[in-house]
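K.L.:
Provided below for reference: sequence and predicted model.
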Amino acid sequence: MDIEQARFNMVEQQIRPWEVLDPKVLDLLFKVRREDYVPQVYRSLAFVDMEIPLGHDETMWAPRIEARALQALRVQTHERALEIGTGSGYFTALLASQASMVVSVELHADLKEEADRKFRAHGLNRVQTRLGDGARDWSEDGNFDVIVLTGSCPLSPTDHLKRLNPGGRLFAIVGEGPAMSACLISRIDADAYHQDVLFETSVRALRNAPEPERFTF
């Protein structure tokens, strides 16, 4: 496989048509090598428009979702980011290429260890990984300017919003079933938030995320 041609095709055929036009984001997609973060058995699928299995019923986002999320978040070089769900480590690496520091929380020890190995191999010293469950909140490590939940949430992740600094942004895919909404929630000030619905999609649920009350008969 011609890797560079495949990467070019991914950007031109999947990502640009999905309204990702920010040159900084597009440049990162060429610089951060996605194939290095894909499990070896699926490396030939690194640039395909699909979710790639990681084990534990977890998957990588499709490339166009990664790109749209990164474009929406507008990460700045002075900002701190929190990622709930390290997964393959690829989106972590994209964030770390823009932010001053990324704290990434992973539920599964083997995924965390594999991601740590990749971060070391690529000299990413602006990533701190944590083993834990951040689906309902992450009370450690202070507040953040950017928060990303890499699994979907049946309910809007309101508990994470208190970790946002004023001016901060949170990206989450909210809902159940085949039609979920990718949302960007911005903290205007101490008590005010603004939400934009960016697109509809469907991704795997974040393990242990809060669920709505359900009627039983």
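P.N.:
Arrived safely. Numbers count the residues shown, from 1 in each chain.
K.L.:
who are the packing partners of the lengthiest helix in the chain?
P.N.:
In the chain, taking DSSP state H as the definition, the longest helix is helix 109-121. Packed against helix 109-121 by the contact rule (3 or more Cβ pairs under 8 Å, 6 or more residues apart in numbering; DSSP states H and E) you find strand 52-55, helix 90-96, strand 101-106, strand 127-131. For glycine as for every other residue, the C-beta is placed from the backbone atoms N, C-alpha and C.
K.L.:
in its sheet, what does whatever helix or strand comes next after the first one sit against?
P.N.:
Beyond strand 52-55 in the direction of the C-terminus, DSSP states H and E gives the next helix or strand as strand 58-60. Paired strands of strand 58-60, with direction, are strand 52-55 (antiparallel) (DSSP bridges).
K.L.:
list of residues touching the strand it pairs with?
P.N.:
Val38, Pro39, Tyr42, Leu45, Ala46, Thr59, Met60, Gly87, Ser88, His108, Asp110, Leu111 (Cβ atoms under 8 Å, 6 or more residues apart in numbering).
K.L.:
what's the burial count for the fifth one?
P.N.:
Other residues near Ala46 number 22, with proximity taken as other Cβ atoms under 10 Å.
K.L.:
ok, the second one next?
P.N.:
Residues within reach of Pro39, counting by other Cβ under 10 Å, total 15.
K.L.:
mind checking pLDDT for the residue lying closest to it once chain neighbours are set aside?
P.N.:
Among residues not flanking Pro39 along the chain, Leu54 sits closest, at 6.5 Å (Cβ to Cβ, 6 or more residues apart in numbering). Looking at Leu54, its pLDDT stands at 97.
K.L.:
show me which residues of the worst-scoring helix or strand of the chain on mean pLDDT are buried.
P.N.:
When the helices and strands of the chain are scored by mean pLDDT, DSSP states H and E, helix 158-161 comes last with a mean of 94. Within helix 158-161, the residues scored as buried using 16 or more other Cβ atoms under 10 Å are His160, Leu161.
K.L.:
right, and Leu170 touches Ile147 too?
P.N.:
Yes - shown here, Leu170 and Ile147 form a contact pair, counting by Cβ atoms under 8 Å, at 4.3 Å.
K.L.:
list the residues that contact both of these two?
P.N.:
Joint contacts of Leu170 and Ile147 (Cβ under 8 Å, 6+ apart) are His160, Leu164.
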